[in-house]
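A.B. asks: Model the structure of this input:
(one chain, ligands or ions: 2)
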Amino acid sequence: MAGIYVHVPFCKVKCHYCDFHFSVQLKNRVSLVDAICKELVIRQDYIGDDNVATIYFGGGTPSVLELHLIQELLETIQNNYKIDPNCEITLECNPDDLDEEKLKGLHALGVNRLSIGIQSFDNDVLTFMNRAHNSSQAVESVVLAKACGFENITIDLIYGVPRTDMKLWKKQLQQMIELEVPHLSAYCLTIEENTVFGNWQKKGKLKPYEDQASLLQFQYLMDTMAENGFEQYEISNFAKPSFISKHNSAYWLGERYLGVGPSAHSFNGAERSWNVASNPRYSQLISKNEQFNEQETLSTQDQFNEYILTRLRTKWGIALADLEAISPKMTADALPILNEFLANGDVQKNGNVYTLTNGGKYIADAISAELFSS
Ligand SMILES: C[S@@+](CC[C@H](N)C(=O)[O-])C[C@H]1O[C@@H](n2cnc3c(N)ncnc32)[C@H](O)[C@@H]1O
Ligand code: SF4
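C.D. replies: Ligands and ions are numbered 1, 2, ... in the order given. Have a look, this model is predicted:
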């Protein structure tokens, strides 16, 4: 089984916090979709004979594409790959792009999972972040998506936002619960350097959020989701039973995937590759049949560290047998450190599998860094 990720590098506006690869030059979307279709044909062999179990349109904002462009991408995939009959097909969308016609059209094309970028249900926060939608559009998009036949819906929310407080965060989660969506991705705001927020912070116009306040919001998030029947299967991801994202889980479990489009990454089990992160350059290189990506073969150390980084954040945790299969020596070096985290309660052990406790989830990246082989 393998996955296909399609990066759609367009957005209507630039949100103040975001440093993902995208362009606001929407006029180039037809030629860029053609280039991505060409890449899909060229790279057919990348995932070998595997059935495609998941297709994920991410961005950028895939919902800015007209239905016929999404159809063109899906048909190219269907014509060139073996698609599993139960394939999970996710499309990231923004509330302001969703109306009845679009939603019904997406459903008819076979999209069976929607990831709606809400970020906040509060108008002041949405304006502060420079989002293109308002609070009522956020709520209406979810209600309408359900009415148009989508059951598998996830929304994104951001916490730890300057100028907000715990009271507001509680309201966000309350709204999410009331909307009865079966999946949530909740991210703590990162202030990235080359963004408006990064710039404001450098100039002293934006005061970073207190770590302690973000931690309290994270704690509240974990408690609320557990009380409402969601499983935290990855640090930022919560699902009702049977609504775990198959696509993202496959990344975390180290399965192979092909990523197409500017800046997309791919992994075939041994080698990682990444496409050029520029729309014009990507289109140009594809049209001239020239190299549009770079690749590296993962060293044993890379494999060991990546396994720790991705698995520790998930409910599947670190299995000793897997670590030993990568490197018995690196495992022997990491084991005493892992046991220290076990002793102080940041990590728990079930058989030979180590997972984070709620306390450990606060410092997941620091724990991974300690366990890395260097
Ligand atoms: C790159 S966006 C793509 C989806 C869609 N365009 C949207 O705006 O929702 C994916 C998610 O990353 C999260 N994200 C992006 N930048 C972030 C940041 N600096 N800090 C925290 N979360 C961020 C947001 O929650 C966003 O929904
Ligand atoms: S958060 Fe989404 S809509 Fe906003 S700039 Fe990033 S990719 Fe585009």
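A.B. asks: Would you tell me which residues of the stretch 101-250 of the chain are close to ligand 1?
C.D. replies: Gly117, Gln119, Asp156, Ile158, Tyr187, Leu189, Thr190, Glu192 (Cβ under 6 Å from any ligand atom). In short, each C-beta sits where N, CA and C put it, glycine included.
A.B. asks: let's go with 8 Å and repeat that
C.D. replies: Proximity of the stretch 101-250 of the chain to ligand 1 (Cβ under 8 Å from any ligand atom) is limited to residues 115-119, 131, 156-158, 185, 187-192, 195, 197.
A.B. asks: restrict these to contacts with ligand 2.
C.D. replies: Restricting these to those touching ligand 2 (Cβ under 8 Å from any ligand atom) yields Gly117, Gln119, Arg131.
A.B. asks: can you list those residues in JSON lines and add neighbour count and secondary structure?
C.D. replies: Below are those laid out as JSON lines (neighbours: other Cβ atoms under 10 Å; DSSP: H, G, I helix; E, B strand; the rest coil):
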{"residue": "Gly117", "neighbour count": "25", "secondary structure": "strand"}
{"residue": "Gln119", "neighbour count": "25", "secondary structure": "strand"}
{"residue": "Arg131", "neighbour count": "24", "secondary structure": "coil"}
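A.B. asks: mind putting the residues you listed in JSON lines, pLDDT included?
C.D. replies: Shown next, in JSON lines, are these (pLDDT from 0 to 100):
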{"residue": "Gly117", "pLDDT": "98"}
{"residue": "Gln119", "pLDDT": "98"}
{"residue": "Arg131", "pLDDT": "98"}
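A.B. asks: between those residues, which is nearest ligand 2?
C.D. replies: Gly117 (5.5 Å; Cβ to the nearest ligand atom).
A.B. asks: before we move on, back to that, which single one of the ones next to ligand 2 among the residues of the stretch 101-250 of the chain next to ligand 1 is nearest to ligand 1?
C.D. replies: Among those, and counting by Cβ to the nearest ligand atom, the member closest to ligand 1 is Gly117, at 1.7 Å.
A.B. asks: bridging residues for the closest one?
C.D. replies: Asp156 (DSSP bridges).
A.B. asks: so it sits right up against Leu157, yeah?
C.D. replies: No: counting by Cβ atoms under 8 Å, Gly117 sits too far from Leu157 to count as a contact (9.4 Å).
A.B. asks: Give me the domain ranges for the protein.
C.D. replies: In the domain annotation for the chain, the residue ranges read 2-252, 300-371 (automatic domain parsing).
A.B. asks: Serialize those domains to a markdown table and add fields for distance to Ser278.
C.D. replies: As requested, the domains of the chain are exported to a markdown table (distance: least, Cβ to Cβ, whole Å):
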| stretch | distance to Ser278 |
| --- | --- |
| domain 2-252 | 8 |
| domain 300-371 | 26 |
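A.B. asks: Ile70: what's its closest spatial neighbour, skipping adjacent residues?
C.D. replies: If the residues on either side of it in the chain are set aside, Ile70 comes closest to Leu109, at 6.1 Å by Cβ to Cβ, 6 or more residues apart in numbering.
A.B. asks: From Ile77, how far off is the one you found?
C.D. replies: According to Cβ to Cβ, to the nearest Å, Leu109 and Ile77 sit 11 Å apart.
A.B. asks: who has more neighbours, these two?
C.D. replies: Neighbour count, other Cβ atoms under 10 Å: between Leu109 and Ile77, Ile77 has more, with 20 against 17.
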